[in-house]
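Asker: Fold the following for me, if possible:
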Amino acid sequence: MTSETVTEGGEVTLTCSTCTQSNNPTLIWYKNNQPVSNQHTTRDNKLHLNPVSSEDAGSYSCAVKGDESLSSTAVFLNVRYVPKNVSVSIKASSKIEDSVVTLTCSSDANPPVHTYTWYMKSGAESLVRGTGESVSFNLTSDTSGLYYCEAHNEVGSTNSSQTPVQIVTEDDHVAAMMFQAGIILFVILTITLVFATLWLSYFPARADASDVYDNVMPTTMTSDPGQRVDSQGMKTMSITPASSSNHALKNKSLSTAIRKELSSSNNMRMLSMPLFNQANQILPPGLGLSQTYPHG
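Answerer: As a prediction, the model looks like this:
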């Protein structure tokens, strides 16, 4: 494979020679085994590249249409260009005074960069701070400022953008740490609140379970099986069905209607329950079972 070298921005013409019976054959041009795009001009068996860019570098070949398998010998086009994408990266143990700072310059160039020069802006002037791909120094008030690098190769040179290198005081360092801690705390609290909200929305019954039992009043049984004492110390009366040997109310339903009457004159509470005879007829009120207890 032969090679041709051209500088970016220049002009190059590739010519395809064929041995065919056709006086005007149709040619197909290839770059890296792919058809050449229409941005280049083909005329009279020639491929014109004007102007040449760094993207035009590659291996070129040609073939007669219909006989694509019989392509020509490839020619490699080498495009030279000045350094591109020149940038500065900074590495520092910290940004407080006397910490070590390392600046590194990188670029894309053909041929490769042979010299890097470092500059620091001082007002309208630029002071040389060193040469080489990387430069290191201690951060002080004299070395803090705006830095940039200049990349050189055989074609030319290109400068990077300016990178600030500044001293951070102890107070500023503490403030920055507190700010970062505040952000972390805010994120943690936000996540906790979100999970708590989701928990309560999925399990509402647990949060309201205590309300179900707020109105339940415990009852204490006394020594008398017919009496109970509630949580307020009030005696109440309960009726236990008699056994079949002592009463003739076997297989009869017992009414559970209870009437409560409060006597305001003597501050007494009376509980009464109507009774039924064997014919399942209610007895007169005077024959009912009643008992009175002092209120409270």
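Asker: In which helix or strand does L198 reside?
Answerer: Assigned by DSSP states H and E, L198 belongs to helix 170-202.
Asker: buried residues in that helix?
Answerer: Neighbour-count burial for helix 170-202, counted by 16 or more other C-beta atoms under 10 Å, picks out no residue. C-betas here are computed from N, CA, C, even on glycine.
Asker: One more: stretch 107-126?
Answerer: Those would be 107, 109-110, 113, 116-120, 126, for stretch 107-126 by 16+ other C-beta under 10 Å.
Asker: Same question for stretch 36-45.
Answerer: 36, 42, 45.
Asker: distance between the ends of it?
Answerer: Stretch 36-45 has an end-to-end distance of 14 Å (C-alpha to C-alpha, to the nearest Å).
Asker: Low-confidence bits of the chain, can you list those?
Answerer: Where the chain drops to pLDDT under 70, the residues are 1, 20-22, 38-39, 94-95, 168-177, 204-296.
Asker: what's the domain layout of it?
Answerer: Domain assignment of the chain by automatic domain parsing yields the ranges 2-73, 82-168, 171-205, 219-239+255-294.
Asker: quick revisit: output the buried residues of stretch 107-126 as CSV; include the columns distance to I184.
Answerer: Formatted as CSV, the buried residues of stretch 107-126 follow (distance: C-beta to C-beta, whole Å):
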residue, distance to I184
S107, 38
A109, 43
N110, 46
V113, 42
Y116, 39
T117, 42
W118, 37
Y119, 39
M120, 36
S126, 41
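Asker: And those residues, which two are furthest apart?
Answerer: Greatest spacing in the buried residues of stretch 107-126, by C-beta to C-beta: N110 and M120 (28.9 Å).
Asker: Does S144 touch F137 like I think?
Answerer: No: with contact defined as C-beta atoms under 8 Å, S144 does not reach F137; the gap is 10.0 Å.
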